[in-house]
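Colleague: How does the following fold in three dimensions:
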Amino acid sequence: MKRTASLTLLASLAGANSLNSPFPYNSTVPTPFHVSVDSSFIEESRLKASLYRPSVDLLDGDISNAGWLEGPPHANMTALAEYWSKDYDWAKAQDEINANSSHFAITIPSTGNYKYPVPLHFVHERSDADNAIPLLLLHGWPSTHREWSKVIEPLRSPTESSTQAFHVVVPDLPGFGFSPAPVSSGMDAREMGDALNQLMIKLGYDKYGVVGTDLGWVVSLFIAADSPDNVIGFFSDFWFIQANATDLERRAQNQTTEEETLYIDSNQDFVNNHFSYSLAHEQTPLAIGQAMSDTPVGFAGWIWHLVYWINDGYEYTFDELITNTVLLSIQGAFANIRSYKTTLPLLSELPYINVPTGASVWGLNGGPLASLGNAQLTPRSWIERLVNLKFYSKHEHGGHFPAQTEPEVWSADLQSFFGGLVN
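Modeller: Below is the predicted model:
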């Protein structure tokens, strides 16, 4: 009776938060899910795009805003708004999302300290390979389950029979995409990890691998820490490890290796000069979330500004930018933006991970800001401070979303790591 009442409460609150897409809240077992976004929401977004008022560039903008230091220029934003209002086709994107993946929904009754049900949308693709490993893939911000769209099929059905295959599970984290937003504070990375571990067990996967990047990296670390008996291996392409006092002292005395020096200087430049979006998300998520929910083109520009820096020169199409923005806007931006408030404080509490771990690191040397080129090339020895590292691969290029920019190389790293664990 209590669980039914909680589910009813969740459904009513989610409705009030305008999910703009139907969700089967009462499904405590995996239920097929069809992506169907309210057409009125899509048309309202198109209308707002047609009314978008861009800011003007400064006369010396080519200098003062070099590398988009202050934000996307007038011409880029105007072109994006015009394309959205006249040419963008959400129906085509939605059909592709439905056609290319098997979608499901489930409601996890509750997690460790979060006392409300956790509704989740996820993609589940089983492999035909006898030795396939169940694999949980967790995205970050500004992403959804679509971050992994280029690697799902290569992981599920590799072209070479000797290559490790996987049963792939790809959720939207709570408040992202089609996973309804939390109804109360307290849904942090650890609670997400608890819910996702329950999801894997409900799917029949008592033993599985976990992959996480960005926010999903933190969630994955807590899954590996809290449920080590369920996790056969942990893999990530993102290692946001900050220099400690000893590292900074060694750097000041020129005692760091060249690799450490490049990483420290580049990573600190990012944190000190290009991290304002994160502070806004962490400190004032409701204020910035309200603003972004009201202006779809403005939200797309907010996202574009960040990914332009960190994706190693990858040129996003307008369709990619807009579809990603729509997926983060369906239920408003507040919930996914607020994930920074609940997650960043946990970075200081990360435990040592005994689960066998694989790391691939990817440079930003093709991006517009040369000073950020090494910001993600975390040295192997630094990663070993945090995890039981069994695999390390370093790439000068690839950026923050290598599963999108370098899907073949990224997949090969992951398959090598997990294949080495079971063979």
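
Colleague: Show me the shaky parts of the stretch 201-350 of the chain.
Modeller: Low-confidence segments of the stretch 201-350 of the chain, defined by pLDDT under 70: none present.

Colleague: Kindly recompute the last result at 90.
Modeller: Counting by pLDDT under 90, the stretch 201-350 of the chain has low-confidence residues at 343-350.

Colleague: And the stretch 51-200 of the chain, by the same measure?
Modeller: Along the stretch 51-200 of the chain, the parts satisfying pLDDT under 90 run over 110-113, 161.

Colleague: in it, which spans are helices?
Modeller: In order along the chain, the stretch 51-200 of the chain carries the following helices (DSSP state H, counting those that start in this stretch): 61-64, 74-86, 90-100, 152-156, 189-202.

Colleague: Please identify the most buried of these.
Modeller: Each of those was assessed for mean neighbour count using mean count of other Cβ atoms under 10 Å. The highest is helix 189-202, with a mean of 23. In this view, the C-beta of every residue, glycine as well, is placed from N, C-alpha and C.

Colleague: okay, that helix in PDB with CA atoms only?
Modeller: Extracted C-alpha coordinates of helix 189-202, given in PDB (Å, rounded to 0.1, in the frame of the first residue of the first chain):
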ATOM      1  CA  ALA A 189      25.600  10.200  -7.400                       C
ATOM      2  CA  ARG A 190      25.700   7.500  -4.700                       C
ATOM      3  CA  GLU A 191      21.800   7.200  -4.700                       C
ATOM      4  CA  MET A 192      21.800   7.000  -8.500                       C
ATOM      5  CA  GLY A 193      24.400   4.300  -8.300                       C
ATOM      6  CA  ASP A 194      22.200   2.300  -5.900                       C
ATOM      7  CA  ALA A 195      19.200   2.600  -8.200                       C
ATOM      8  CA  LEU A 196      21.200   1.500 -11.200                       C
ATOM      9  CA  ASN A 197      22.700  -1.400  -9.500                       C
ATOM     10  CA  GLN A 198      19.200  -2.500  -8.600                       C
ATOM     11  CA  LEU A 199      18.300  -2.100 -12.300                       C
ATOM     12  CA  MET A 200      21.100  -4.400 -13.400                       C
ATOM     13  CA  ILE A 201      20.000  -7.000 -10.900                       C
ATOM     14  CA  LYS A 202      16.400  -6.800 -12.000                       C
END
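
Colleague: and it, how far from the chain's centre?
Modeller: Relative to the mean C-alpha coordinate of its chain, helix 189-202 is positioned 16 Å out (Cα atoms, centre = their mean, to the nearest Å).

Colleague: packing partners for it?
Modeller: When contacts are defined as 3 or more Cβ pairs under 8 Å, 6 or more residues apart in numbering; DSSP states H and E, helix 189-202 packs onto strand 103-108, strand 118-125, strand 133-138, strand 166-171, helix 215-226.

Colleague: State the next helix or strand along the chain beyond that helix.
Modeller: Using DSSP states H and E, the helix or strand that follows helix 189-202 in sequence is strand 208-212.

Colleague: So what are the sheet partners of that following strand and their directions?
Modeller: For strand 208-212, sheet partners with direction are given as strand 133-138 (parallel), strand 231-236 (parallel), following DSSP bridges.

Colleague: Would you tell me which one of these is buried the most?
Modeller: When you average the neighbours per residue for each of the strands paired with strand 208-212 (mean count of other Cβ under 10 Å), strand 133-138 leads with a mean of 27.

Colleague: would you put the C-alpha positions of that one in CSV?
Modeller: Below are the C-alpha coordinates for strand 133-138, written out as CSV (Å, rounded to 0.1, in the frame of the first residue of the first chain):
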residue,chain,number,x,y,z
ILE,A,133,29.4,-9.4,-20.6
PRO,A,134,26.6,-7.3,-19.2
LEU,A,135,27.7,-3.7,-19.4
LEU,A,136,26.2,-0.5,-17.9
LEU,A,137,27.0,2.7,-19.7
LEU,A,138,26.5,6.0,-17.8
